[in-house]
Every structure is written in structure tokens, then in C-alpha cells.
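Undergrad: give me a model of this one.
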Amino acid sequence: MALTEVYDFFKRMEDEKIILSFKGELSPELLTSILHVLEKKIHEFNFVPLKRKRIFNVLVECFQNLYHHIDSVKLGDNPDDVEKSALIIVKYIGEKFIVRTGNYIYNVDIPELERKLKNVNELNTEELKSLYQAQLKNEERSIKGTAGLGFIDIARKSKGKLDYEFLELDSESSFFCLNVTIE
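TA: As a prediction, the model looks like this:
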């Protein structure tokens, strides 16, 4: 990258109102640090406390989903080329916070994930609340130790539909993109 490209990248981030961008492997300590930085940033915008709480809750759920559900995928022909990184972009445009995440996922897991996302997107506020309560009462945990509340809670707190896409990389893996807007 030429040094002038650094400024071009900086300018693009400014123009697109990106307040945080991260690409890499996630750890609990790193997520805590990122959330701490974003919490301070959210306070700078002088939102009412309820909106700050909603924004922070969505951030936590999105990041927890990344941490718990990211898959290690083999890229290329070299067996040592394993990738387990995620992408986080947080933008603030007008009165909207936009959280975008991306992570690798195995293609065999896509149908179940897409079923959950479609189900959440089809529900209204009351139905989401009922589903959330039902999941809380259900003491089953996934293989990864989660209760399946993440997308439900994100939809409830963002008060909007979850925009998502699966970008197929090869016959075994894809890149899962999630876009959440909090108004």
C-alpha cells in the first residue's frame, strides 16, 4: 500500500462515518476493550440513556455471536492456511448506528442459520418477546454453549429487521455478513 493510500483509506472512513473498524481474530479481552471504546464513543453522542442501552446491547450481542460462532476455514491449497478472523464495522449516520459484522462459516451450517434469521425477521415486536421468553425457559444449549437468544435480542433491541448475506467462498465455506441498524 502506498503511503498516499493511507490517507485515502482514512478519508473514506471519515466520509462513511465509520467510528470503528476491526479485522482479525477475536479474544474475550479484545472484545471487552472494543466494547469499552464504543461505550465511551456512544456517550459522546448524547443519546437518551435508553437508546444508549439499546445500542450497547446490540453491540454486545453482535460481538458475542462473532466470538461464539466463527468457524476456522481452510483457504487455498496450503493446509496451514487456516483463517479464523472476523470483521467489525460500526458507523454513525444521522441518528442511526449501523453495526456490520462478518465471519467465516461452514456451508453445512447455513440452512439452519438462515432459518433462524428468517424466523426472527418474520416476527413482530410481541412475537419476538414471546420467542425470547420461550428460549429463556428452554434450558437447552447449543454445542457452542449458547441459548439461541442472540438474533432474537438483536432484533428486539434494534427494533428492525436483520439484513444478512452469505458469500460462498468455496464448496465448504462462506462468509456471513450481518447488518444491523439501530434508530
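Undergrad: in this protein, which helix is the longest?
TA: Longest helix in the chain by number of residues (criterion: DSSP state H): helix 49-69.
Undergrad: how about that one: buried residues?
TA: For helix 49-69, a neighbour-count test (16 or more other CB atoms under 10 Å) marks 51, 54-67, 69 as buried. Every C-beta, even on glycine, is put in place using the N, C-alpha and C of the backbone.
Undergrad: tell me the two of those that are most distant?
TA: Greatest spacing in the buried residues of helix 49-69, by CB to CB: Lys51 and His69 (26.9 Å).
Undergrad: lowest confidence element among the helices and strands of the chain?
TA: In the chain, no helix or strand scores lower on mean pLDDT, DSSP states H and E than strand 82-83, which sits at a mean of 66.
Undergrad: run the chain-centre distance for whatever helix or strand comes next after that strand.
TA: Later in the chain than strand 82-83, the nearest helix or strand by DSSP states H and E is strand 86-93. A distance of 9 Å separates the centroid of the chain from that of strand 86-93, by CA atoms, centre = their mean, to the nearest Å.
Undergrad: for strand 86-93, packing partners?
TA: Helices and strands touching strand 86-93, by 3 or more CB pairs under 8 Å, 6 or more residues apart in numbering; DSSP states H and E, are strand 18-24, helix 49-69, strand 96-106.
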